[in-house]
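Asks: no sequence for this one, just the structure:
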């Protein structure tokens, strides 16, 4: 038995999770590797000839297993396709049909992957679970565990982890958070995995590897095109501008692919599923001063005082904007100091205090004051 404890490491077969597992192994932890199969791309009916990607790539399964075998620790494959479909896929489809823009990676982390990991960790008598995310976990003097940004700002993944609850954070290790990606690539090379060090990363949704979410929706919902075709593009005053292909096929902030000529650039500023209308406007009409956020998960604190200052990120690559947070109807009203652009209901708003995640939630609506 290792003095440092027993840890179940999520291994996708990519560079980050492999290096994380080998780092912990070299540090003296008793490591067990586990690869989660979430999706069969062949069942999605995509037109692309690409292989399955990310955590669903058979080659990656083999890469993960090979690393474990070479270093003498066990490795398992966990099939969570049913759980993934029942929550992540169904939520993805339902959100678009409700006129919102979902973030399936956050839903998967929050409701599927970590819970599945912890369940198996308990069954295997593991002290910890670990992942290859670029973030760090700390403990406040109030005894709560919280997430802080990774050292590498270009790779920081704290935004997608806001949904993790205390029982998960208290058992999780993230050894990559204090390193830069360039350092991890060098570690992979030094550990004897030069091909892994050169491996490209995928930024696509794992179950839509052809990056065509519209085609995915059409294949998942029988008769969707017929049900939503013939809706109208309108301006902010409700004036009809032309017909569109169906409201689920557009997202807030979209400019390209609208197939409508107005003599000037137009952006999707709002979507109304009840009337099958898509509102178009100038870029300035994307600006919002307030955002209402629900389904809150507090991390660093167990709640906030009205008016607390924070930085809020409304998308993964967002730099964040200064704001004040106010409690409202079991959610949070975010008041930005300066307007932000392209707020999309269904996406996540994550609140930061410096580099630390205070908490986060799902954007429901936004307003221009």
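Replies: Great, that's in hand. Note that this is a predicted model, so its numbers are computed, not measured.

Asks: Going by C-alpha atoms from here, please, whenever you check contacts or count neighbours.
Replies: Noted.

Asks: Domain boundaries for the chain, per the record?
Replies: Residue ranges of the domains in the chain are recorded as 6-132+175-197, 227-281, 286-367, according to automatic domain parsing.

Asks: JSON lines please, covering those and showing distance to residue 211 and mean neighbour count.
Replies: As requested, the domains of the chain are exported to JSON lines (distance: least, C-alpha to C-alpha, whole Å; neighbours: other C-alpha atoms under 10 Å):
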{"stretch": "domain 6-132+175-197", "distance to residue 211": "10", "mean neighbour count": "19"}
{"stretch": "domain 227-281", "distance to residue 211": "13", "mean neighbour count": "18"}
{"stretch": "domain 286-367", "distance to residue 211": "17", "mean neighbour count": "20"}
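
Asks: Could you export these as TSV, including distance to residue 157 and mean pLDDT?
Replies: Below are these laid out as TSV (distance: least, C-alpha to C-alpha, whole Å; pLDDT from 0 to 100):
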stretch	distance to residue 157	mean pLDDT
domain 6-132+175-197	9	87
domain 227-281	23	93
domain 286-367	8	94
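
Asks: Next, format those as TSV and append distance to residue 142.
Replies: Formatted as TSV, those follow (distance: least, C-alpha to C-alpha, whole Å):
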stretch	distance to residue 142
domain 6-132+175-197	21
domain 227-281	39
domain 286-367	8
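
Asks: same for the helix ranked longest in the chain, what does it pack against?
Replies: Longest helix in the chain by number of residues, with DSSP state H as the criterion: helix 58-71. Applying 3 or more C-alpha pairs under 8 Å, 6 or more residues apart in numbering; DSSP states H and E, we find helix 58-71 packed against helix 15-26, strand 30-37, strand 75-79.

Asks: strands paired with the second one, and their directions?
Replies: Which is strand 30-37. With DSSP bridges as the test, strand 30-37 is paired with strand 6-10 (parallel), strand 75-79 (parallel).

Asks: Double-check that residue 118 belongs to a helix.
Replies: Yes - judged by DSSP: H, G, I helix; E, B strand; the rest coil, residue 118 forms part of a helix.

Asks: element containing the closest residue to it other than its chain neighbours, please.
Replies: In space, and not counting its chain neighbours, residue 118 is closest to residue 129: 6.8 Å by C-alpha to C-alpha, 6 or more residues apart in numbering. Here residue 129 sits within strand 128-130, counting by DSSP states H and E.

Asks: What strands flank that strand, and is each parallel or antiparallel?
Replies: Sheet pairing of strand 128-130 (DSSP bridges) gives strand 6-10 (parallel), strand 172-173 (parallel).

Asks: could you pull out the strands for the stretch 251-369 of the chain?
Replies: Applying DSSP state E, counting those that start in this stretch to the stretch 251-369 of the chain gives strands spanning 267-272, 277-281, 287-298, 308-313, 321-328, 331-341, 348-353, 356-367.

Asks: Can I get those strands in JSON lines including distance to residue 21?
Replies: Formatted as JSON lines, those follow (distance: least, C-alpha to C-alpha, whole Å):
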{"stretch": "strand 267-272", "distance to residue 21": "43"}
{"stretch": "strand 277-281", "distance to residue 21": "47"}
{"stretch": "strand 287-298", "distance to residue 21": "28"}
{"stretch": "strand 308-313", "distance to residue 21": "30"}
{"stretch": "strand 321-328", "distance to residue 21": "35"}
{"stretch": "strand 331-341", "distance to residue 21": "38"}
{"stretch": "strand 348-353", "distance to residue 21": "28"}
{"stretch": "strand 356-367", "distance to residue 21": "25"}
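
Asks: what's the closest of these to residue 160?
Replies: Between residue 160 and the strands of the stretch 251-369 of the chain, the tightest spacing by C-alpha to C-alpha is seen for strand 348-353, at 8.4 Å.

Asks: for the closest one, packing partners?
Replies: Counting contacts by 3+ C-alpha pairs under 8 Å, 6+ apart, strand 348-353 is packed against strand 308-313, strand 356-367.

Asks: May I have the strands that pair with that strand, each with its orientation?
Replies: strand 308-313 (antiparallel), strand 356-367 (antiparallel).

Asks: what inclination does the last one have with respect to strand 331-341?
Replies: The one in question is strand 356-367. If you take axes from the mean of the first three to the mean of the last three C-alpha atoms, to 10 degrees, strand 356-367 sits at 80 degrees to strand 331-341.

Asks: What are the contacting residues of strand 356-367?
Replies: Defining contact as C-alpha atoms under 8 Å, 6 or more residues apart in numbering, one finds that strand 356-367 is touched by 146-149, 158, 162-163, 288-301, 343-352.
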